[in-house]
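> Just need the structure, nothing else, for what follows:
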Amino acid sequence: MIDRLVNEIIEKQRALAEELSDPSIYEDQPRYAEVSKAHSDLTEAHALALEYLTARQAEEDTRAMLDEGGIDPEMKDFLNEERIKAREQIERLEDEIRAAMIEKDPRDEKNALVEIRAAAGGDEASLFAAELLRMITRYAERHRLKWEVLSTNESPVGGIKEIVFAVKGKNAYGTLKYESGVHRVQRVPQTESTGRIHTSTATVAVLPEADEVEVNIDANDLRIDVYRSSGPGGQSVNTTDSAVRITHVPTGLVVSCQDEKSQLQNKERALRILRARLQAVAEAEQNAELSADRRTQLGSGERSEKIRTYNFPQGRVTDHRVGLTSHRLEAILEGELDEFTEALNAQERAEQLATAEI
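Take a look at the predicted model:
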């Protein structure tokens with residue numbers, strides 16, 4: 001089975017390389033882009049396949065030398081060790097090749113829309129939501145991703161009631177998607193005079209940004225209301241009807257934007273958010289998997305629901321999906337999330353591999 005897969009990988013990469021070497025392909029840019037991407041996506045598997053063939057040959061060579069006989073004991077021991085090493089390498093490469101051939105989620109390469117909302121816990125939840133914003137945006141910056149705020153609603157204590165921001169760059173959605181869910185914090189709030197530990201939550205939804213081609217919104221399905229902004233925004237606040245609220249009548253989804261002074265800019269931002277939410281709903285319905293739905297990502301925000309817990313008194317962070325605990329609380333809040341992302345990605349790949357027919 002694995003030998004057939006290895007041969008298929010090598011043959012496919014050879015055919016793609018041959019097609020790319022044909023000058024006529026540049027006359028068909030869509031085809032060139034398709035072949036280039038396929039060739040690039042297969043690079044890792046192709047390198048592993050070649051390494052596998054080398055290991056297989058090494059194992060066969062050592063076995064042949066052992067079968068010949070007439071070898072002194074020291075050389076025999078050496079060859080046996082080499083054969084064992086080759087066998088271990090082959091077994092490792094078999095798993096890596098299968099994993100490399102698992103079809104990647106095409107949405108991973110898309111830009112992302114991230115929504116953070118304070119949930120249970122009042123003012124403390126809003127302060128925690130602001131810390132999650134800092135953590136996620138710092139993590140995005142570490143991966144050379146750019147972000148921009150689309151809509152925000154601050155709390156009176158300096159926290160965030162809700163915020164929506166776009167993240168752009170290579171593999172933006174794939175980098176941030178594991179942050180979706182309910183985040184729980186356990187600590188003593190600054191306003192707590194008795195020193196009692198409180199538990200609060202904030203919800204995060206990460207959606208792949210949809211373009212107009214993917215999600216066509218019928219203008220007749222929209223109810224658009226304009227009103228005066230109520231938050232920061234300069235001289236135009238409370239003087240012009242620049243804020244926009246868009247209701248998608250068939251689904252009841254509502255999006256509001258008021259951060260920009262221009263009504264047109266607020267409308268464009270609201271449509272970007274609405275488009276991503278509609279795509280998430282459509283995918284959930286199509287796949288019959290509620291986990292893809294934005295509402296399932298968010299949950300109800302209750303304290304008992306969580307994907308990750310940030311325990312300040314003990315200085316630890318636990319991701320409940322993979323059972324991983326880190327005692328680097330401060331570093332994690334500064335955006336050092338790779339240990340969680342890598343563990344979650346490995347778990348996802350293992351689950352895919354267990355069900356894949358390769």
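> CA only for contacts and neighbour counts going forward, please
OK.
> I'd like to know how far the closest residue to Ile217 other than its chain neighbours sits from Arg117.
The shortest distance from Ile217 to any residue that is not its chain neighbour, by C-alpha to C-alpha, 6 or more residues apart in numbering, is 7.6 Å, and that residue is Arg275. Summarising the geometry, the distance separating Arg275 from Arg117, computed by C-alpha to C-alpha, to the nearest Å, is 19 Å.
> Buried residues, stretch 33-43. List them.
Taking 16 or more other C-alpha atoms under 10 Å as the neighbour-count basis, stretch 33-43 is seen to contain the buried residues Val35, Ser36, His39, Asp41, Leu42, Thr43.
> mind putting those residues in a markdown table, distance to Glu154 and secondary structure included?
Supplementary listing: the buried residues of stretch 33-43 in a markdown table, determined by distance: C-alpha to C-alpha, whole Å; DSSP: H, G, I helix; E, B strand; the rest coil:
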| residue | distance to Glu154 | secondary structure |
| --- | --- | --- |
| Val35 | 47 | helix |
| Ser36 | 45 | helix |
| His39 | 47 | helix |
| Asp41 | 42 | helix |
| Leu42 | 46 | coil |
| Thr43 | 46 | helix |
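> how about a markdown table for those residues, with distance to Leu53 and pLDDT added?
As requested, these are arranged in a markdown table below (distance: C-alpha to C-alpha, whole Å; pLDDT from 0 to 100):
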| residue | distance to Leu53 | pLDDT |
| --- | --- | --- |
| Val35 | 25 | 91 |
| Ser36 | 25 | 90 |
| His39 | 20 | 91 |
| Asp41 | 20 | 85 |
| Leu42 | 16 | 90 |
| Thr43 | 16 | 91 |
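> pull the CA atoms of stretch 178-196 into CSV?
Coordinates of each C-alpha in stretch 178-196 appear next as CSV, following Å, rounded to 0.1, in the frame of the first residue of the first chain:
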residue,chain,number,x,y,z
TYR,A,178,-7.8,27.0,16.9
GLU,A,179,-8.6,30.1,19.0
SER,A,180,-12.3,29.6,18.3
GLY,A,181,-14.4,28.8,21.4
VAL,A,182,-14.9,29.9,25.0
HIS,A,183,-11.9,31.2,26.9
ARG,A,184,-12.1,31.1,30.7
VAL,A,185,-10.1,33.2,33.2
GLN,A,186,-9.7,32.6,36.9
ARG,A,187,-8.3,35.4,39.0
VAL,A,188,-8.9,38.1,41.6
PRO,A,189,-10.4,41.1,39.8
GLN,A,190,-8.9,44.5,40.6
THR,A,191,-12.3,45.6,41.9
GLU,A,192,-12.5,42.7,44.3
SER,A,193,-11.8,43.9,47.9
THR,A,194,-12.0,40.5,49.6
GLY,A,195,-9.4,38.8,47.5
ARG,A,196,-11.9,36.2,46.2
